[in-house]
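Trainee: Sharing a model that was predicted from the sequence below.
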Amino acid sequence: VRISLSTVHGISDDEVARITAGQPYTSLQDFYARALLKLPTVERLISIGALDQLKGEASRRDLLLQATELHRQARTRPGPGQLPLSTTPHTAGSSGLREMTARERLDAELGVLKIDVSRHLMDDHHR
């Protein structure tokens, strides 16, 4: 199922433009560095599966951990006159966390996407 990025809760038109302009991405690190998104936006995209093509053997939970680590590293970059502790971001593989269940994926999608769920989604299609 394809979704429009503009339906993601909290995403700005500028962020959508940066994501679109930077395609294709080779990894979560590449996406994070070039799309320049806020961490909550990256987490929402991961939770609805929008970045599944970047996860390889990892789970969505692993990608969430990696996004948090990338955000932490970006916040702790050395200032002028300071030496960096590490010059390359750590790329984690699978941490062993289980993949989200179908129910957890649905909950994430309903929580992140701007969909009216005040009634059953198929009500309009009943005779």
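Mentor: Alright, I've got the coordinates.

Trainee: pLDDT averaged over stretch 12-22 - what is it?
Mentor: Stretch 12-22 shows a mean pLDDT of 93.

Trainee: List the buried residues for that stretch?
Mentor: 15-16, 19 (16 or more other C-beta atoms under 10 Å). Where you see a C-beta, it was placed from the backbone N, CA and C, and this is true even at glycine.

Trainee: cool, and stretch 41-51?
Mentor: In stretch 41-51, residues buried by neighbour count (16+ other C-beta under 10 Å) are 41-51.

Trainee: do the same with stretch 32-39
Mentor: Buried residues in stretch 32-39 (16+ other C-beta under 10 Å): 32, 35, 37.

Trainee: Among the residues you listed, which ones are in helices?
Mentor: In helices, defined here by DSSP state H, the members of these are 32, 35.

Trainee: of all the buried residues of stretch 32-39, which comes closest to Arg60?
Mentor: Tyr32 (15.3 Å; C-beta to C-beta).

Trainee: Give me the nearest residue to the closest one, chain neighbours excluded.
Mentor: Leu70 (4.7 Å; C-beta to C-beta, 6 or more residues apart in numbering).

Trainee: what helices or strands is the strand or helix carrying the one you found leaning on?
Mentor: Using DSSP states H and E, Leu70 maps to helix 60-75. Applying 3 or more C-beta pairs under 8 Å, 6 or more residues apart in numbering; DSSP states H and E, one finds that helix 60-75 contacts helix 28-35, helix 39-47.

Trainee: quick one: it to chain centroid distance?
Mentor: Offset of helix 60-75 from its chain centre (C-alpha atoms, centre = their mean, to the nearest Å): 10 Å.

Trainee: sorry, back to before: tabulate the helices and strands packed on helix 60-75 in TSV, adding columns for distance to Arg75 and mean pLDDT.
Mentor: What follows is the helices and strands packed on helix 60-75, written out as TSV (distance: least, C-beta to C-beta, whole Å; pLDDT from 0 to 100):
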stretch	distance to Arg75	mean pLDDT
helix 28-35	12	93
helix 39-47	10	94
